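Trainee: 3D, please:
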Amino acid sequence: MSSDKSDDPDPLVMRVQVDDHPVAAAVEADASIARTRYTTLNVRGPVFGIATQSPPGHGHWQVLTPITDGFAQQARDSLNSHLWFKAKDDTDDPLVRRELLAAVRVLETEPVDELTVLDVRYRVVRADEFVFSRDSVPEPPRPTDPEPAVPDWDGYDDTPLDRDFVIDHSAAAGLVATTERLALQRLHYRGERYPPEVRHDSEQAMATHPGVVLLPPAYCVVEHTGDSWTPLTGLMGTPHGARRALTNWLIRFWPLMRDLPEAEAARYAALAREFQAQVRANSLCVDDRLYSVARVGRMVRIGGDGPESARPSDVDNYGPSQIHPVMDEHGTITHEDTHEDTSEEE
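Mentor: The predicted structure follows:
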């Protein structure tokens with residue numbers, strides 16, 4: 001008989017592993033140095049993605065879509081697309097396709113945070129994004145963070161963030177990471193700038209989801225403005241991905257967005273090429289603007305039934321909708337014109 005209760009150990013379980021392998025020791029040393037240099041914790045807010053558990057109610061959760069979306073509805077839309085394309089491309093069985101499309105119809109009309117489809121449990125997973133800083137400057141990449149053997153400045157592909165990451169709070173981790181997780185267990189929104197319902201849900205989460213898992217580090221480019229900083233790019237899987245995004249911005253997007261004269265566009269391109277020549281530089285001044293590559297952390301809260309999902313106080317900018325054409329159980333796709341003519345006949 002199956003059970004709805006997860007086989008995972010208590011959410012507060014943590015296992016520390018001291019690895020004397022030279023690479024592991026170097027990573028641990030870098031983490032230790034970073035925690036002494038960058039001591040101010042800055043919480044940026046929630047991000048969302050989709051994780052799966054199979055069979056439902058048993059085993060660990062595995063990330064399906066990167067936990068980087070700014071709104072839960074974006075993650076639901078990603079799941080909508082995932083199931084729609086599975087129905088389109090991954091089966092010839094009408095019964096299987098029918099079940100997949102039934103889940104798609106639910107996602108088109110309801111802001112659900114969990115679905116079980118074909119013995120796979122899908123959940124919207126919520127994480128808090130944070131950055132450590134020093135003197136208002138975010139922590140840069142560490143020397144042992146992943147870098148390509150041969151930097152590619154012209155491509156767009158990058159190490160996929162979170163791909164197949166298992167959200168396992170009981171997995172062994174280094175001493176610094178475990179200490180960080182212990183400190184983050186008490187993290188919640190306290191400032192008056194947060195609405196009361198946000199502060200309430202955040203405090204409740206410490207009781208309902210007391211455990212913490214750290215997702216793989218991510219990287220983005222930030223712009224420094226006075227004592228604050230603003231993200232310029234989305235999250236990348238490697239520091240090089242963020243550096244490449246910055247040079248693409250300077251070479252391709254700024255000239256178009258600002259309608260720059262040819263000479264000015266060439267100057268920005270030259271700055272980008274100089275930055276590329278340094279290979280692993282993490283900051284760049286452009287006129288009166290300073291851009292840096294920041295190392296971004298994300299934490300997922302864990303409860304007795306797995307990772308935390310969206311909270312009642314989390315806000316979506318839009319609701320569910322149909323984002324793909326209608327498909328029947330035989331795989332026939334109908335491109336319907338949903339525009340209705342509301343004019344009256346005379």
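
Trainee: how about residues contacting stretch 239-250?
Mentor: By C-beta atoms under 8 Å, 6 or more residues apart in numbering, the surrounding residues in contact with stretch 239-250 are 140-141, 145-148, 151-153, 155-156, 158-159, 219-221, 232-234, 236, 268-269, 271-273, 275-276, 280-282, 284, 286, 291, 293-295. Bear in mind the C-beta positions are built from the backbone N, C-alpha and C, glycine included.

Trainee: now the strands: where do they sit in the stretch 1-150 of the chain?
Mentor: In the stretch 1-150 of the chain, strands defined by DSSP state E, counting those that start in this stretch lie at 15-16, 40-53, 61-69, 114-117, 120-134, 137-138, listed in chain order.

Trainee: tell me which of those is the most buried.
Mentor: A comparison of the strands of the stretch 1-150 of the chain by mean neighbour count, using mean count of other C-beta atoms under 10 Å, puts strand 61-69 on top with a mean of 23.

Trainee: taking strand 120-134 as reference, get the angle to that one.
Mentor: 50 degrees (axes from the mean of the first three to the mean of the last three C-alpha atoms, to 10 degrees).

Trainee: what is the mean pLDDT for strand 61-69?
Mentor: Per-residue pLDDT over strand 61-69 has a mean of 96.

Trainee: make CSV from the strands of the stretch 1-150 of the chain and add distance to Ala102 to it.
Mentor: Shown next, in CSV, are those (distance: least, C-beta to C-beta, whole Å):
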stretch, distance to Ala102
strand 15-16, 40
strand 40-53, 18
strand 61-69, 19
strand 114-117, 8
strand 120-134, 13
strand 137-138, 45
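
Trainee: of those strands, which shows the lowest average pLDDT?
Mentor: strand 15-16 (a mean of 85).

Trainee: who does that strand pair with, and is each partner parallel or antiparallel?
Mentor: strand 172-173 (parallel) (DSSP bridges).

Trainee: what residues sit buried inside whichever helix or strand comes after the partner strand?
Mentor: Proceeding N to C from strand 172-173, the next assigned helix or strand is helix 175-184, under DSSP states H and E. The neighbour-count check on helix 175-184 (16 or more other C-beta atoms under 10 Å) flags 176-181, 184 as buried.

Trainee: what's opposite Cys285 in the beta bridge?
Mentor: Assessed by DSSP bridges, Cys285 has beta-bridge partners Leu290.

Trainee: is it correct that Asp77 is in contact with Ile323?
Mentor: Yes: if you go by C-beta atoms under 8 Å, Asp77 and Ile323 touch, sitting 6.0 Å apart.

Trainee: which one's more surrounded, these two?
Mentor: Under the criterion of other C-beta atoms under 10 Å, the comparison of Asp77 against Ile323 puts Asp77 first, with 19 against 12.

Trainee: from the rest of the structure, what touches stretch 168-185?
Mentor: Counting by C-beta under 8 Å, 6+ apart, 8-9, 11, 13-19, 24, 27-28, 31-32, 35, 60, 206, 210-214, 299, 302 sit against stretch 168-185.

Trainee: give me the most central residue, this structure.
Mentor: Thr68 (2.1 Å; C-alpha atoms, centre = their mean).

Trainee: check contacts around it.
Mentor: Shown in contact with Thr68 (C-beta under 8 Å, 6+ apart): 47, 49, 161-162, 218, 234-235.

Trainee: tell me which of those residues fall in helices.
Mentor: Counting by DSSP state H, no part of those is found in helices.

Trainee: got the angle for the longest helix along the chain vs strand 40-53?
Mentor: Across the chain, the longest stretch assigned as helix under DSSP H is helix 72-89. Put simply, helix 72-89 runs at 30 degrees to strand 40-53, going by the same axes, to 10 degrees.

Trainee: would you show me how to pick out the buried ones of the contacts of stretch 239-250 in PyMOL?
Mentor: Those of the contacts of stretch 239-250 that count as buried under 16+ other C-beta under 10 Å are selected in PyMOL with:
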select buried, resi 140+141+153+158+219+220+221+232+233+234+236+268+269+271+272+275+276+282+284+286+291+293+294+295
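
Trainee: which residues touch the nearest residue to Thr40 once chain neighbours are set aside?
Mentor: In space, and not counting its chain neighbours, Thr40 is closest to Ser133: 4.8 Å by C-beta to C-beta, 6 or more residues apart in numbering. By C-beta under 8 Å, 6+ apart, the contact list for Ser133 reads 38, 40, 42, 139.

Trainee: closest one of the residues you listed to Tyr122?
Mentor: Nearest to Tyr122 among those, counting by C-beta to C-beta, is Asn42 at 31.1 Å.

Trainee: that closest one and Gln278, how far apart?
Mentor: 27 Å (C-beta to C-beta, to the nearest Å).

Trainee: over to Cys220?
Mentor: Going from Cys220 to Gln278 by C-beta to C-beta gives 19 Å.

Trainee: cool, and Thr91?
Mentor: According to C-beta to C-beta, Thr91 and Gln278 sit 49 Å apart.

Trainee: more neighbours: the two, which one.
Mentor: The residue with more neighbours, out of Thr91 and Gln278, is Thr91; 15 against 10, by other C-beta under 10 Å.

Trainee: and that one, what pLDDT?
Mentor: Value for Thr91, per-residue pLDDT: 96.

Trainee: check Glu346 too.
Mentor: In this model, Glu346 is scored at 35, pLDDT.

Trainee: any weak-confidence spans in the stretch 51-200 of the chain?
Mentor: Low-confidence segments of the stretch 51-200 of the chain (pLDDT under 70): 156-158.
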